[in-house]
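> Sequence below, structure please.
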Amino acid sequence: MNFEITFLGVSAAMPAFGRNQTSQIIHHHHENYLVDCGEGTQLQLFKFYKKMSKIGHIFISHLHGDHYFGLVALLSSMNMNQRDAPLHLYAPAELAEILWVQNKVSGTFYHYPITFHEIDSTQSKTIYQNDFLTVQTIPLDHSLPCTGFLFQEKNRKKALISEKLIPEFSIADKVALKGGKDVIIGEKLYKNEDFTQEKRSRSYAFCSDTKYNERIVDQIKNVDVLYHEATFLNEKAAEATAKFHSTAEQAAQIAQKANVKKLFLGHYSARYKTLEGFLEESRAVFPNTFLSLEGETVEILDK
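Numbers count the residues shown, from 1 in each chain. Alright, predicted model coming up:
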């Protein structure tokens, strides 16, 4: 079961040096989830071969334009492509009014159902779940109400220990073992626990615009991959705080306190042409840091 994140846009307030504004695709068990939709997101989808028709759920962290200005265009293109599949939109309540006004003045009527889910930035809450995954909001500390999103797998089917399997097991026996059941062949009982092991549940935390905020640490504890904004380098720490943003060093401090496995930085300010300084600053605190780069897909592995 693949669990992947593709970075479509990694820039902060405006596009700069070939970097587009915030947007990501999370792929899990045949479902595609779009997180934020900055200007030009649909062009990025085309560029990186991600079909907009496959997106069933869109999550918007907050209503600064660099996180949702691409949404009207994307919804319109879905409409022109004769989409009929339902779409679920999770966002601050005011976005529904914005879309209503835009559609009213342009005479737009969607030919597919859109269900709007209002999100509350003041508390963590499960806003979506299916048989395999849950999505929770992460309250952040920004100049507008803002939430991150925590994607967590539910309990997964057991994995077979291949070296312990015996030739007598049929395909049906193996399916039963993966489903947690014992198997009887003839009069002999083969216990599930002797031939299987638990599959680890994986997790991804998307922490959009926020100043340094230790209150999120408990919620994102031990996640496999953390994306955390790093708008500035530490030389601009005072400006970062004043503008409710973080530095690369501060993102690393959060990753270290939360004991995450990997940290990906993003939301780079347009004042920085190159990004090597972000990596250097963060790795001094949290060595397993990486830059989010457009078009890059990160797979969260079982191990």
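
> And stretch 126-142, end to end?
For stretch 126-142, the first-to-last residue distance is 21 Å (CA to CA, to the nearest Å).

> list the buried ones in it?
The neighbour-count check on stretch 126-142 (16 or more other CB atoms under 10 Å) flags Ile127, Tyr128, Phe132, Leu133, Val135, Gln136, Thr137, Ile138, Pro139, Leu140, Asp141, His142 as buried. Every C-beta, even on glycine, is put in place using the N, C-alpha and C of the backbone.

> Tell me which of these has the lowest pLDDT.
Lowest pLDDT of these: Phe132, 93.

> any idea how far that residue lies from Glu31?
Going from Phe132 to Glu31 by CB to CB, to the nearest Å gives 8 Å.

> Likewise for Phe69?
Distance, Phe69 to Glu31, using CB to CB: 25 Å.

> Also Val217?
Taken as CB to CB, the span from Val217 to Glu31 is 28 Å.

> residues in contact with stretch 248-262?
205, 207, 212-214, 216-217, 220-226, 228-230, 232-234, 237, 240, 246, 263, 265, 277-279, 281-286, 288-290, 298 (CB atoms under 8 Å, 6 or more residues apart in numbering).

> Surely Phe48 and Gly295 touch.
Yes: the pair Phe48 and Gly295 qualifies as a contact (CB atoms under 8 Å) at a distance of 5.0 Å.

> Please identify every residue contacting each of those two.
What both Phe48 and Gly295 touch, as defined by CB under 8 Å, 6+ apart, is the set Thr6, Leu8.

> any idea where the helices of the stretch 1-150 of the chain begin and end?
41-47, 71-80, 94-106 (DSSP state H, counting those that start in this stretch).

> Can you tell me which of the ones you listed is packed in deepest?
Of the helices of the stretch 1-150 of the chain, the one with the most neighbours on average (mean count of other CB atoms under 10 Å) is helix 41-47, at a mean of 20.

> What's the mean pLDDT across that helix?
Rounded mean pLDDT across helix 41-47 is 96.

> elements contacting that helix?
strand 3-9, strand 23-28, helix 71-80 (3 or more CB pairs under 8 Å, 6 or more residues apart in numbering; DSSP states H and E).

> what's the shortest one packed up against?
Based on contacts counted as 3+ CB pairs under 8 Å, 6+ apart, the elements that strand 23-28 packs against are strand 3-9, strand 31-37, helix 41-47, strand 147-153.

> what helices or strands is the second one leaning on?
So the one you mean is strand 31-37. Partner elements for strand 31-37 (3+ CB pairs under 8 Å, 6+ apart): strand 23-28, strand 55-59.

> How far off centre is it?
In this view, strand 31-37 has its centroid 7 Å away from the chain centroid, taken as CA atoms, centre = their mean, to the nearest Å.

> Spatially nearest residue to Ala237, not counting backbone neighbours?
Thr247 (5.3 Å; CB to CB, 6 or more residues apart in numbering).

> Ignore what I typed, I meant Leu226.
Closest to Leu226 by CB to CB, 6+ apart is Val260, at 4.3 Å.

> any idea how far Gln24 is from the closest residue in space to Phe7 that isn't next to it in sequence?
Using CB to CB, 6+ apart and skipping the chain neighbours, the partner closest in space to Phe7 is Ser292 (4.5 Å). As judged by CB to CB, Ser292 and Gln24 stand 8 Å apart.

> Give me the common contacts of those two.
Phe7, Tyr227.

> Need the mean per-residue confidence for stretch 285-294.
The pLDDT scores in stretch 285-294 average 98.

> ok, residues contacting the helix or strand hosting Leu279?
In this structure, Leu279 sits in helix 276-283 according to DSSP states H and E. Contacts to helix 276-283, defined as CB under 8 Å, 6+ apart, come from residues 230, 233-234, 247-249, 251-252, 263, 265, 268, 272, 289-291.
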